[in-house]
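Peer 1: just a sequence and a predicted model for now, questions to come.
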Amino acid sequence: MKYITTISGKEFAIEVIDESHIYINGKILEVDFESVNGQPVYSLIIDGKSHEGYVYPDEESWQVLLKGRLYQAAVEDEREKRLRTAGGSVSESGEFHLKAPMPGMVVSIPVAEGDVVKKGQVLLVLESMKMQNELKSPQDGTIHRLRVKPGDKVEQKQPLLSVI
């Protein structure tokens, strides 16, 4: 599985190769990462060098204390990032156009034209590669135009609906 981790505005592409190897920005590292007695204290060994870290979940990220320095780390898998970044665009007028982040089939649309929606509310469920993906509104607004219906097959970047 590939992950994108953002720390202090810098992105790191991380791929878990197996339980003891990871690939970070083009370099393979041997790692051992274990929780100490179920506490937020972790033993981290990277290429034979031992480190102790404290990891605390935050609302949208992780707080990591390592070598006396506190880092805020946001972690997304490739699918989450693709859904977030390719999901749609907001025009100058504030209208949001939800586009299919990947090819798939529309499973359900729990909203109708004219419905008032809140930021984070599910607008459409898209099935792709046997996984159901909930596409959510990035803003408060009103459903303006539905361009698809349940059962429709869609292509990547195909417009699905608009929120104004």
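Peer 2: Structure received. Numbering: from 1, shown residues only.

Peer 1: quick one, domains of the protein?
Peer 2: 2-78, 87-163 (automatic domain parsing).

Peer 1: now those in a markdown table, with mean neighbour count and mean pLDDT?
Peer 2: Using the backbone N, CA and C atoms, a C-beta is placed for each residue, glycine as well. Below are the domains of the chain laid out as a markdown table (neighbours: other C-beta atoms under 10 Å; pLDDT from 0 to 100):
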| stretch | mean neighbour count | mean pLDDT |
| --- | --- | --- |
| domain 2-78 | 12 | 86 |
| domain 87-163 | 16 | 86 |
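
Peer 1: hmm, what's the outermost residue in this protein?
Peer 2: residue 48 (31.3 Å; C-alpha atoms, centre = their mean).

Peer 1: which residues touch residue 34?
Peer 2: Contact partners of residue 34, counting by C-beta atoms under 8 Å, 6 or more residues apart in numbering, are 42, 43.

Peer 1: my bad, should have said residue 16
Peer 2: Neighbours of residue 16 in contact, by C-beta under 8 Å, 6+ apart: 1, 3, 22.
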